[in-house]
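**Student:** pasting a predicted model and its sequence here:
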Amino acid sequence: MTAATPSELSNVSRRVLQLQILTIIWMTVEAVVSLGTAWRSHSPALFAFGGDSLIELLSAGVVLCRFRFELNEARAARIAGVLLLTLAGLVVLTSILNFLGYREAQRSLVGIGILLAAAVVMPWLASRKRQLVAITSSAALKADAAQSALCAYMAWIALAGLLVNAIWEIGWADSVAALALTPLILREGWIAVHWSKLGCDCCP
């Protein structure tokens, strides 16, 4: 294979930046709507999903800085990992309180709507990022693509809990969905912390 020309590399970097800006815009909307709705409806599943969206927003910002300013992302990855592990603990606590009847999850049509949108948007973003990973060989972008794909799975799991609660009025289904998301959040957090300790060849 022939080496990419400077103009080709510049074009790829521009595509990455555009995709990350789009990701940041979407993740901001996703996080704000999910967390705001979780607060009003007392939904552990939406809280878990919205909290993860905030971490993914940080991840997208890291990749943006990586290609825009050529920054080292190990420290940000470590921070993201710690925040994800903290989020997992909060999700478990919130779910247990809901099981004990402290706060019953309410129906949330807005929450269902944002989860449906995420289930469509996130796989598309993950696919576009994987295409650019094949060109750039960026470990940071690869990790961000994996997080986007994971977000889609999380959206479907959370959506199942909200739909069961909305249709059959089974409030604990929301908490079950939140607990089902917890292993995914823990795995994502552990990978981020572990990767930040190892570093990567792409880091300057």
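**Tutor:** Thanks, I have the structure now. Numbering: from 1, shown residues only.
**Student:** so where do the helices sit in this structure?
**Tutor:** Remark: helices assigned in the chain by DSSP state H are 6-41, 44-69, 74-99, 109-136, 139-168, 172-198.
**Student:** just put the ones you listed in CSV and tack on mean pLDDT and mean neighbour count.
**Tutor:** Heads up, the C-betas are built off the backbone N, CA and C, glycines and all. CSV is the format used below for the helices of the chain (pLDDT from 0 to 100; neighbours: other CB atoms under 10 Å):
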stretch, mean pLDDT, mean neighbour count
helix 6-41, 90, 17
helix 44-69, 87, 24
helix 74-99, 83, 18
helix 109-136, 94, 18
helix 139-168, 89, 21
helix 172-198, 86, 19
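**Student:** contacting residues for residue 121?
**Tutor:** For residue 121, the contact set (CB atoms under 8 Å, 6 or more residues apart in numbering) comprises residue 26.
**Student:** ok, now how distant is the closest residue to residue 24 other than its chain neighbours from residue 25?
**Tutor:** Nearest residue to residue 24, sequence neighbours excluded (CB to CB, 6 or more residues apart in numbering): residue 60, at 4.9 Å. Counting by CB to CB, to the nearest Å, the separation of residue 60 from residue 25 is 9 Å.
**Student:** and if you look at residue 10?
**Tutor:** Taken as CB to CB, the span from residue 10 to residue 25 is 23 Å.
**Student:** over to residue 14?
**Tutor:** Distance of residue 14 to residue 25, computed by CB to CB: 17 Å.
**Student:** cool, residue 156 as well?
**Tutor:** Applying CB to CB, the value for residue 156 to residue 25 is 22 Å.
**Student:** ditto for residue 101
**Tutor:** Remark: distance between residue 101 and residue 25 (CB to CB) = 39 Å.
**Student:** residue 154 too?
**Tutor:** On the measure of CB to CB, residue 154 and residue 25 end up 19 Å apart.
**Student:** and residue 59, by the same measure?
**Tutor:** The value you get for residue 59 to residue 25, if CB to CB is used, is 14 Å.
**Student:** now do the contacts for residue 28.
**Tutor:** Contacts for residue 28 (CB under 8 Å, 6+ apart) come out as residue 57.
**Student:** and it, how far is that from residue 173?
**Tutor:** For residue 28, the distance to residue 173 - CB to CB - is 28 Å.
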